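Student: Build me a model:
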Amino acid sequence: MTLRTGRAAALLAVLAVLGAAAGCGGAPSGGTATATGTATATRPTGGTPSGTPPSASPGARSPAAPSPTGSPAVSPGRPSGTPVPGGGDRLVAGRYQPLWPFSTPDEARAWQRAYRSGGHQPWHLDPAATALRFTSDHLGFRDLDRAVSTRVEGDHARVHVGQDTQEGRLVAAVVHLVRYGSGGDAPWEVVGTDDTTLTLTVPRYGAAVRSPVKVGGRITGVDESIRVEVRRPGSAAPAGERCCLPAGGEREPWSTSVTFRAVPGTTVTVVASTGGHVADVERFAVTGVTVAGP
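Tutor: Okay, here's the model as predicted:
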């Protein structure tokens, strides 16, 4: 066995743990759970989700909590910047950051009206399709083209996104979605990811930030190379980017800073990704923050 093959096999084992560990949780009991695809491993204990605050679902953190879970070696401190007035009326279900595809409740309602009148863009009612479009169109990870499994519980959904490689099926992330608005045709909105072997805990979810922004978390892996981007709504190009940070080990802390440009008051997506062993993007994690004013 060559060194590259050995590393690829070890990486796929880590990615299988990611796919199995992060895919549970959801809204309060009484919802309907559905699943598609094939599980790659049994769920281990001790995962550290980070990227969305909790609803009634286990394993995500609140934007109001003073400290995120699972990253004591990377202290978030105080978020840079100050709170943005009026930002709360944009939140999904009163607590989640609207990352994609809508930025405000008015945008979601406008789509509902168009859908009711003419069936416009029905994919907004499919959490798997929405998660894949977020991954491909918003983040630019076009090779991640498979919804390996989907779990829906009430107004919450978790979608395992990934791809098939020569080494086997890869799960890159578990995308968390929540219904945005009211009614049986309320569209799905991406609000974060549930993270385990690659976490993104700095800046804190929902923080108000200025450029440059400090970014960090923890990673498990071998010979990793972390790329960090700041993504803004409606733009194919990142608002800021930092590449590439060497990393690896067992739950080792990582951190860097990114300079970016975005309009104050905008909710932006911070995304960390790593790859290069069997695919360009093998894992990613996102968090949502708001750009602070001057």
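Student: beta partners for residue 147?
Tutor: Beta bridges link residue 147 to residue 161, judged by DSSP bridges.
Student: what about it, distance to residue 175?
Tutor: 9 Å (CB to CB, to the nearest Å). Backbone N, C-alpha and C define where each C-beta goes, glycine included.
Student: Common neighbours of these two, please.
Tutor: 131, 159, 161 (CB atoms under 8 Å, 6 or more residues apart in numbering).
Student: Most neighbours of all the residues you listed, which one?
Tutor: residue 159 (30 neighbours; other CB atoms under 10 Å).
Student: which residues of the stretch 101-250 of the chain fall in strands?
Tutor: For the stretch 101-250 of the chain, applying DSSP state E, counting those that start in this stretch gives strands covering 146-153, 156-165, 168-179, 188-194, 208-209, 213-231, 240-258.
Student: Reformat these as JSON lines; add mean pLDDT and distance to residue 287.
Tutor: Output for the strands of the stretch 101-250 of the chain, formatted as JSON lines (pLDDT from 0 to 100; distance: least, CB to CB, whole Å):
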{"stretch": "strand 146-153", "mean pLDDT": "98", "distance to residue 287": "21"}
{"stretch": "strand 156-165", "mean pLDDT": "97", "distance to residue 287": "16"}
{"stretch": "strand 168-179", "mean pLDDT": "97", "distance to residue 287": "11"}
{"stretch": "strand 188-194", "mean pLDDT": "98", "distance to residue 287": "6"}
{"stretch": "strand 208-209", "mean pLDDT": "98", "distance to residue 287": "10"}
{"stretch": "strand 213-231", "mean pLDDT": "97", "distance to residue 287": "9"}
{"stretch": "strand 240-258", "mean pLDDT": "97", "distance to residue 287": "12"}
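Student: Which of those strands sits closest to residue 126?
Tutor: strand 188-194 (7.3 Å; CB to CB).
Student: Flag every buried residue along that closest one.
Tutor: Neighbour-count burial for strand 188-194, counted by 16 or more other CB atoms under 10 Å, picks out 188-194.
Student: now those as JSON lines including distance to residue 111?
Tutor: Shown next, in JSON lines, are these (distance: CB to CB, whole Å):
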{"residue": "188", "distance to residue 111": "11"}
{"residue": "189", "distance to residue 111": "11"}
{"residue": "190", "distance to residue 111": "15"}
{"residue": "191", "distance to residue 111": "17"}
{"residue": "192", "distance to residue 111": "21"}
{"residue": "193", "distance to residue 111": "23"}
{"residue": "194", "distance to residue 111": "26"}
